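Asks: the amino acid sequence is not available; the structure is as follows:
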């Protein structure tokens with residue numbers, strides 16, 4: 001916003017008047033043509049400027065389809081938020097028929113200042129016929145139509161996706177996969193980014209040997225498993241990784257006793273019993289983790305109040321180094337008591353300003369605070385905004401405020417630090433709802449201060465704070481951005497805890513990646529054997545540790561169903577799943593997951609464009625298949641590995657540093673031939689077994705997956721088994 005007038009101010013900040021009018025114009029994406037049913041190649045982009053001609057940041061822009069909606073044309077998210085240069089973007093999927101689509105974009109609350117855009121849907125891919133109509137596993141299906149793509153094109157049959165084995169634009173041939181549900185199934189083709197309208201077939205399952213090639217994998221639902229497939233020995237000592245799982249989310253981590261059978265019930269093994277070091281377990285959730293969870297749950301209760309808060313017209317405050325500001329700071333772990341604290345402005349950057357509590361004015365030297373401010377302003381801020389999108393700017397000052405105060409230190413008593421740890425920093429959504437009492441009406445991150453004498457809680461040297469707080473800022477800033485986009489901008493609910501925390505751990509890792517790219521080996525390292533530069537280590541090592549302890553016991557710790565605040569294992573699970581998802585869909589998916597009103601599994605499915613059960617199943621395979629020792633990484637399909645990280649290398653390095661027993665913590669349980677293995681799992685977990693080697697006379701093996709008490713899995717539980725052939 002333009003600075004039009006300085007009004008008043010002495011020892012406190014000066015108040016500035018704000019510009020009020022907007023000017024909006026289309027700058028990119030207008031007039032595109034693409035096949036019906038597809039995404040436009042380029043996003044629709046508009047620019048918002050104020051009356052002084054300056055870009056307006058964090059302005060909410062509505063994109064509304066005014067013609068073509070009846071044919072299915074739709075923007076993927078009808079709201080967007082302007083970035084630092086005042087630009088808002090929206091992705092448009094064209095309708096199913098050739099048509100001219102018209103879109104109207106306008107600033108929220110200022111429809112009269114909008115602009116019209118247009119797109120043209122040309123003839124898209126069509127599926128005119130499918131033969132035969134009645135099919136079984138292994139049959140060849142012939143698809144007729146237009147613009148179908150050719151060999152390798154993705155064909156969806158029911159819940160399965162397969163690649164066409166041959167064909168061209170007018171005809172495709174595809175082999176019907178094993179283990180689909182019996183009955184009517186829809187068939188459709190993905191040509192480019194456009195799906196054809198579906199056609200129906202009737203599927204009749206039959207049991208036959210699943211002839212997986214070496215390092216091939218499949219996912220089979222529990223209902224279909226015993227009746228549709230058997231694993232063959234092939235006469236060459238075939239060996240399989242078998243991964244029973246519940247690909248779902250639940251309100252609480254309720255255990256189910258399950259059994260996976262391998263051709264009989266003579267011999268017994270225990271699922272989940274083969275972890276390293278006697279099944280490592282983290283300590284109870286730390287004070288920071290518990291505090292984070294309490295704030296997120298409080299924000300969930302505050303979300304309806306944000307929707308009814310009405311417009312806020314703040315005074316604009318000039319940033320004058322040395323000026324004072326009073327903050328209302330949470331004063332207890334119940335997040336109900338607030339205390340006033342005064343901060344003095346010590347650093348002003350392009351995106352961020354730091355206030356130091358006057359009670360600890362000399363906690364940092366000017367040089368230390370300048371270095372910390374530049375790290376926040378130039379690196380951490382940029383990393384988060386590029387990954388997730390802009391934060392709000394409800395106080396219209398163009399900056400995130402950091403208030404470093406001993407009130408944060410004092411949230412945990414010194415006597416409790418050894419057992420619980422301590423709070424290092426936080427964001428609280430109340431500050432983005434100005435109508436609430438004790439809201440500071442702005443984007444604020446609160447952080448601990450150096451306290452070498454232990455005056456306020458356990459002692460912390462300045463070097464400790466400088467090492468800890470940056471990671472907390474990257475983590476909490478994602479929460480700030482998420483709360484704005486989900487609740488303030490779209491009037492939705494707070495993101496589910498597992499996705500919200502997982503994305504905040506992704507935020508930390510992305511800072512590491514930024515430094516990794518800046519300092520390729522051997523630059524920036526204290527020793528030549530380091531995987532990561534010194535600047536990256538504080539951001540990536542916590543993720544490695546969390547992932548290791550999670551992988552040590554994947555049956556007990558859920559990706560999707562946190563037990564309260566989220567243990568280290570659960571946070572490692574969520575981070576690892578979202579890292580794999582970003583490797584499959586591109587890191588841009590993190591921005592799409594944040595900039596929406598959808599939450600949890602529904603958000604994952606909508607943004608990834610696939611059922612969660614399919615994603616979770618393939619992730620479970622990738623955990624084991626990625627970077628298997630002694631093999632080139634590309635012997636495994638990209639879907640079954642990580643592209644940005646070498647998982648086994650990371651885990652081996654972590655084991656070396658910490659002294660853990662196993663270089664890789666996933667140690668599959670041996671599932672006996674003609675026997676079974678059983679144990680307990682919860683929603684969002686999987687457990688690893690190994691079947692084989694199968695020699696002559698030991699196949700085919702019919703697998704089964706069920707509850708031990710005979711209660712059938714429900715359709716929403718995602719009960720399925722991943723199978724990977726490794727020999």
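Replies: Yep, it's here. These numbers were taken from a predicted model, which means no experiment stands behind them.

Asks: count of neighbours near residue 223?
Replies: The tally of other residues near residue 223 (other CB atoms under 10 Å) stands at 18. For every residue, glycine as well, the C-beta is placed using N, CA and C.

Asks: that one and residue 242: what is the separation?
Replies: Distance of residue 223 to residue 242, computed by CB to CB, to the nearest Å: 17 Å.

Asks: and for residue 595?
Replies: On the measure of CB to CB, residue 595 and residue 242 end up 38 Å apart.

Asks: what comes up buried for stretch 458-469?
Replies: 458, 460, 462, 465-466, 468-469 (16 or more other CB atoms under 10 Å).

Asks: ok, and what's touching stretch 334-342?
Replies: Contact partners of stretch 334-342, identified using CB atoms under 8 Å, 6 or more residues apart in numbering, comprise 294-295, 298, 324-331, 357-359, 403, 405, 407, 428, 438.

Asks: to clarify, my last question referred to stretch 637-654.
Replies: Stretch 637-654 has contacts (CB under 8 Å, 6+ apart) with 215-217, 513, 531, 541, 544-545, 547-548, 551, 579-580, 582-584, 618, 621-623, 625-629, 633, 660, 663-665, 724.

Asks: distance from the chain centre to it, please.
Replies: Its chain's average C-alpha position is 18 Å from that of stretch 637-654, according to CA atoms, centre = their mean, to the nearest Å.

Asks: could you list the buried residues of it?
Replies: Applying 16+ other CB under 10 Å to stretch 637-654 flags 640-642, 645-648, 650-654 as buried.

Asks: which of those residues lies closest to residue 246?
Replies: residue 640 (19.9 Å; CB to CB).

Asks: how close does the closest residue to that closest one other than its chain neighbours get to residue 162?
Replies: Distances taken as CB to CB, 6 or more residues apart in numbering place residue 625 nearest to residue 640, at 4.4 Å, with adjacent residues excluded. Applying CB to CB, the value for residue 625 to residue 162 is 19 Å.

Asks: repeat for residue 561
Replies: 31 Å.

Asks: what of residue 701?
Replies: For residue 701, the distance to residue 162 (CB to CB) stands at 24 Å.

Asks: and the two? Which one has more around it.
Replies: residue 701 (25 against 15).

Asks: any idea what the more buried one is bridged to?
Replies: Assessed by DSSP bridges, residue 701 has beta-bridge partners residue 231.

Asks: so it makes contact with residue 263?
Replies: Yes. The pair residue 701 / residue 263 is scored as a contact, 4.4 Å apart, by CB atoms under 8 Å.

Asks: so what sits against both of these two?
Replies: Common neighbours of residue 701 and residue 263 (CB under 8 Å, 6+ apart) are residue 673.

Asks: list the buried residues of stretch 208-218.
Replies: If you call a residue buried by 16+ other CB under 10 Å, then stretch 208-218 has these buried ones: 210, 212, 215, 217-218.

Asks: including pLDDT, secondary structure and distance to residue 84, could the residues you listed go into CSV?
Replies: As requested, the buried residues of stretch 208-218 are exported to CSV (pLDDT from 0 to 100; DSSP: H, G, I helix; E, B strand; the rest coil; distance: CB to CB, whole Å):
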residue, pLDDT, secondary structure, distance to residue 84
210, 75, strand, 53
212, 85, coil, 50
215, 94, coil, 45
217, 94, strand, 43
218, 92, strand, 46
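
Asks: what is the nearest of these to residue 181?
Replies: Distance to residue 181 across the buried residues of stretch 208-218 (CB to CB) is lowest for residue 218, with 15.0 Å.

Asks: next one: residue 247 from residue 683, what distance?
Replies: Residue 247 is 8 Å from residue 683, by CB to CB.

Asks: nice, that's everything, thank you.
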